[in-house]
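Peer 1: Just to be clear, the model below is a prediction. Sequence and coordinates:
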Amino acid sequence: MNLESVGEIEFTLSCSEINFPDRRYRYNPQIKLYIKEQGDFTLYDQTEIFHGTKTPHFQQKFIIPFNTGVVMNLKFELLDSQSSEDQKFLGQTIITTEEILRTPNENKIVEIVNLTDKVCDLIMNWKKVSSPSKDLLLTIEGVNFKYQTPWFSKPDIKPFFQVGRFMSEDEFLCVYESNTLEEAKNPRWPAFRMKSSNLIKSNIKSPVKVKILYYENNLERLFGEVLITFDQVLNCTTSFPIYDKVKHKNIGSVRVKCQTLEKIACNKESASEEKLNVLIGIDFSDSQKRIEKAQSTHFKTSEDDLTQYQAGLNGLFNLLYNLNGSQGIPMYGFGGIKASSSSKSRKDNEIACFPLNGNSSDPKIQSLDGAIEAYNQNILNNLGGQSNLSEIIQKAISIAAYNQLQDSKEYVVLVLLTDGVIHDIENTLNSLIEAANVPLSVIMIGMGDGDFESFENLDSQLGLFETARRDYVSFIVYRDYEEDLNKLKNKLVQEIPEQILEYVETEPGLREESKEKIGKVPTYLKDNLYGGGREYIKARKLLDGYMKRLK
């Protein structure tokens, strides 16, 4: 059913005295509205049930989109509804939107008939709505779905979803059904367009049902469902947990994003002005095992071969360099350990985040050859600490926070190449949650043959936090794209602009009063935030002070 419109008709319904077949019986009248542009009539909306009356004046408001020159047929069915299962047909009438619009006054009266017998008059009190319903773009994705399948089987699972508009109590009308996807655990369906009048009635707090279903070896099954309201999701991304009603445990979550096309156009213009600032981090932790062991992602079979990190840099550095405006990229190692130190304590020797080129005042690397050379030097000197990601994420947050305080059009993208082992998982999660509030995206690329369970856990945990209200963290397994790196490049080129757009939509720029409250932020802070040591710690403390003024 095509509901693209140039305007809307809003109306309420009432009936003259209904000629019931059995006058001794207690009737509960209700009217259902069906719409047809082409093909068959489709249920569109319905009134409440009026109990024990012959002259109902229904309170339910109907909003019907119309398009000049397009005939839309409306069918009104009068029912006796003793319950949602026990409904008796009393009569019907069919008219068009054109007939309503040609009515000289705002009361359209038509006869409801059963075969040839008149049942009653249907009185339609109508008017044109001055502001037509909104054009919406909706995106729905699943996060860490846990299907109830036997451990010994690998079923073919293809998820899909339905969106239902509230009708009455437990009744929802399906207004959209997606296609199935091959991706079962973290499905992300294509965005779809819809009129707001097709999704909700006049009340923006009316519930909307998102039902997740799937085909398992061609058998349709219900995974779970969530109830949301239109005002919860309009112009933002919100996550909703799904629970197993029998075992009372979380089995995943659903992210729903709903935007008006008008706002999208405005935000795209703002997002196009953003300048990218790319940072790269490489994992040197002891989870990588020794360099000469074949299990290590730093291992190479011959002098002419590449380690997995070298291959990753070889495939991605030039793309990231171009995204960065053909400027040098700050590159860091994390999870390292000092090769020589007077301290015998392993903890004292660990370096959570260090510039790959050894230059704290200028960690930028200008070319792919320079990146490979810096990486090779650090394999020999700095391999073997704990895999702590929070420190490098905090560095990226600080740089992004500085940009936010300056109200600059600069967006930070942190790309982490890691084997997926995370020792400071709680601190990393807290850092990722904090990152939602600044202009920053974090892209974790898993290197090697691990199961990357930590990625899945982080993704699942992030989905439960309302503060992480936009899509700004990506988890990518490198081996899935190793045979065709162009697919990975295309994924990054597509996702990064989308994440920038989401940030622009959720975080408005600083107001003048906020700028006055913050005061002038020294420009030297930014250079110190890129570096390390005492100057970096001092810059972080100063930055925290400025951020507190903003709150």
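Peer 2: Looks like it came in fine.
Peer 1: Tell me how far I200 lies from E85.
Peer 2: Noted for I200: a distance of 25 Å to E85, by Cβ to Cβ, to the nearest Å. C-beta coordinates here come from the backbone N, C-alpha and C atoms, glycine included.
Peer 1: More neighbours: the two, which one.
Peer 2: Remark: of I200 and E85, I200 carries more neighbours, 21 against 6, as counted by other Cβ atoms under 10 Å.
Peer 1: Quick check, the more buried one in contact with V163.
Peer 2: No - the pair I200 / V163 is not scored as a contact, 10.8 Å apart, by Cβ atoms under 8 Å.
Peer 1: Identify the residues contacting V70.
Peer 2: E37 (Cβ atoms under 8 Å, 6 or more residues apart in numbering).
Peer 1: now T229
Peer 2: By Cβ under 8 Å, 6+ apart, T229 lies in contact with 204-208.
Peer 1: Could I get the pLDDT score of it?
Peer 2: Looking at T229, its pLDDT stands at 82.
Peer 1: Y375 now?
Peer 2: Predicted confidence (pLDDT) for Y375: 88.
Peer 1: Okay, it and Y332: tell me how far apart.
Peer 2: For Y375 relative to Y332 (Cβ to Cβ), the value is 11 Å.
Peer 1: quick one: common contacting residues for those two?
Peer 2: 282, 356.
Peer 1: Show me the strands in the stretch 151-300 of the chain, by range?
Peer 2: 157-168, 171-177, 192-195, 207-216, 219-229, 236-244, 249-260, 275-283 (DSSP state E, counting those that start in this stretch).
Peer 1: partners of the first one in the sheet?
Peer 2: What that stands for is strand 157-168. Using DSSP bridges, the strands paired with strand 157-168 are strand 171-177 (antiparallel), strand 207-216 (antiparallel).
Peer 1: just the ones you listed: most buried one?
Peer 2: Ranked by mean neighbour count, those are led by strand 207-216 with a mean of 19 (mean count of other Cβ atoms under 10 Å).
Peer 1: then that strand to CSV, C-alphas only?
Peer 2: Extracted C-alpha coordinates of strand 207-216, given in CSV (Å, rounded to 0.1, in the frame of the first residue of the first chain):
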residue,chain,number,x,y,z
PRO,A,207,3.0,1.9,21.7
VAL,A,208,4.7,0.4,18.7
LYS,A,209,5.7,-3.3,18.6
VAL,A,210,8.9,-4.6,17.1
LYS,A,211,8.7,-8.3,16.8
ILE,A,212,11.8,-10.3,15.9
LEU,A,213,11.2,-13.6,14.1
TYR,A,214,13.4,-16.1,12.3
TYR,A,215,13.3,-19.1,10.0
GLU,A,216,15.2,-22.1,11.3
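Peer 1: What's the local residue count around S178?
Peer 2: Other residues near S178 come to 17 when the count uses other Cβ under 10 Å.
Peer 1: now it: how far from E495?
Peer 2: Distance from S178 to E495, by Cβ to Cβ: 20 Å.
Peer 1: do L320 as well
Peer 2: Plainly put, L320 is 13 Å away from E495 if you go by Cβ to Cβ.
Peer 1: who's more crowded, the two?
Peer 2: Taking other Cβ under 10 Å, L320 and E495 do not tie; L320 has more neighbours (21 against 17).
Peer 1: For that one, list the residues it contacts.
Peer 2: 278, 280, 329, 413, 415.
Peer 1: Walk me through the domains of the protein.
Peer 2: Here the domain parsing of the chain from automatic domain parsing is 7-129, 135-267, 273-389+411-508.
Peer 1: looking at those domains, which is buried most?
Peer 2: Mean neighbour counts for the domains of the chain (mean count of other Cβ under 10 Å) peak at domain 273-389+411-508, with a mean of 18.
Peer 1: and that domain, how far from the chain's centre?
Peer 2: 23 Å (Cα atoms, centre = their mean, to the nearest Å).
Peer 1: thinking again about what came up before, need the overlap of contacts for I200 and V163.
Peer 2: V208.
Peer 1: any idea how far Y321 is from the residue nearest to Y402 when sequence neighbours are not counted?
Peer 2: In this structure, Y402 finds its nearest non-sequential neighbour in K526, 5.3 Å apart by Cβ to Cβ, 6 or more residues apart in numbering. Counting by Cβ to Cβ, the gap from K526 to Y321 is 20 Å.
Peer 1: Please apply the same query to D451.
Peer 2: 31 Å.
Peer 1: quick one: contacts for E111?
Peer 2: 93, 118-122.
Peer 1: Provide a complete list of residue ranges assigned to helices in the stretch 251-400 of the chain.
Peer 2: According to DSSP state H, counting those that start in this stretch, the stretch 251-400 of the chain carries its helices in the segments 261-271, 308-323, 346-349, 368-381, 390-405.
Peer 1: per-residue confidence averaged over the shortest one?
Peer 2: Put plainly, it is helix 346-349. The model assigns helix 346-349 a mean pLDDT of 46.
Peer 1: now do stretch 459-479
Peer 2: 75.
Peer 1: From here on, call the first residue 54.
Peer 2: New numbering, starting at 54: the last item is stretch 512-532.
Peer 1: so where's the stretch 204-353 of the chain shaky on pLDDT?
Peer 2: The model of the stretch 204-353 of the chain has pLDDT under 70 over residues 204-206, 222, 254-257, 288-290, 314-327, 339-353.
Peer 1: Repeat the analysis, applying 50 as the threshold.
Peer 2: Residue ranges of the stretch 204-353 of the chain with pLDDT under 50: 324, 344-345, 347.
Peer 1: can you give me the offset of stretch 284-304 from its chain's centre?
Peer 2: 12 Å.
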